[in-house]
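Asker: Provided below are the primary sequence and the corresponding predicted coordinates.
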Amino acid sequence: TKKNLDFCFDVLAKEFKGDITFDIYGTIEDKKYWEFCQQKADKLQKYVHVKYCGSLHPEQVIPTMLKYDIFFFPTKGENYGHVIYEALCAGCIPLITDTTPWEGLDALKAGNVIAYGDINSFHRKISEYLNMEDHEFKAYKENAISYAEKKYENTIKQSGYKKVFCE
């Protein structure tokens, strides 16, 4: 329930112009919640294709994300959100809530941070991505990768690694 999967289906139940593939990864921890989500998925329009893909080993996450364009993750909260960083590394544009520490994605056109529960803003962003020109969408994907690279560089700089090993 923390990952807010049912909210994803509420957003995807709105009207869109274009096909949407929504693949779900992870373990099913709460069977009742999963059944509730499946009921919502069953009511979606025919242009929204939902598939449960199971769990991934950690080394499979980034290679899997390379196959996708958007990481739709309206989580109820994350201390860090490593999977968000992994999405950025793969150029999979994060569409996330403001309940994570990730900031600045919108300004850099590397993804979107949207207020928790704001169904209309999530719908609007997905619609914008569906209607975006290929070159503009490609730029978002490249910006996501650049954001991840800078985040990594800043982490190394702040870690004291150079001080310990290079001086």
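Answerer: Nice, I can see it.

Asker: residues near residue 97, how many?
Answerer: Neighbourhood size, residue 97 [other Cβ atoms under 10 Å]: 23. (Glycine included, C-beta is placed from N, CA and C.)

Asker: for it, give me its contacts.
Answerer: Applying Cβ atoms under 8 Å, 6 or more residues apart in numbering, we find residue 97 in contact with 4, 73-76, 113-117.

Asker: list buried residues within the residues you listed.
Answerer: For these, a burial check counting by 16 or more other Cβ atoms under 10 Å picks out 4, 73-75, 113-114.

Asker: from the contacts of residue 97, pick the one nearest residue 85.
Answerer: residue 73 (11.7 Å; Cβ to Cβ).

Asker: before we move on, the earlier item: which of the buried ones among the contacts of residue 97 fall within strands?
Answerer: Members of the buried ones among the contacts of residue 97 lying in strands (criterion: DSSP state E): 73, 113-114.

Asker: hmm, back to that, can you redo the buried ones among the contacts of residue 97 as TSV with pLDDT?
Answerer: Listed next are the buried ones among the contacts of residue 97 as TSV, based on pLDDT from 0 to 100:
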residue	pLDDT
4	97
73	98
74	98
75	97
113	98
114	98
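
Asker: farthest pair within those?
Answerer: It's 4 and 113 that sit farthest apart of the buried ones among the contacts of residue 97, by Cβ to Cβ, at 14.4 Å.

Asker: residue 77 touches residue 99, doesn't it?
Answerer: Yes. With contacts defined as Cβ atoms under 8 Å, residue 77 counts as touching residue 99 at a distance of 4.3 Å.

Asker: count the residues that sit near residue 106.
Answerer: 12.

Asker: now do the same for it: its pLDDT.
Answerer: pLDDT, residue 106: 97.

Asker: and of the ones in strands among the buried ones among the contacts of residue 97, the nearest to residue 20?
Answerer: residue 73 (15.3 Å).
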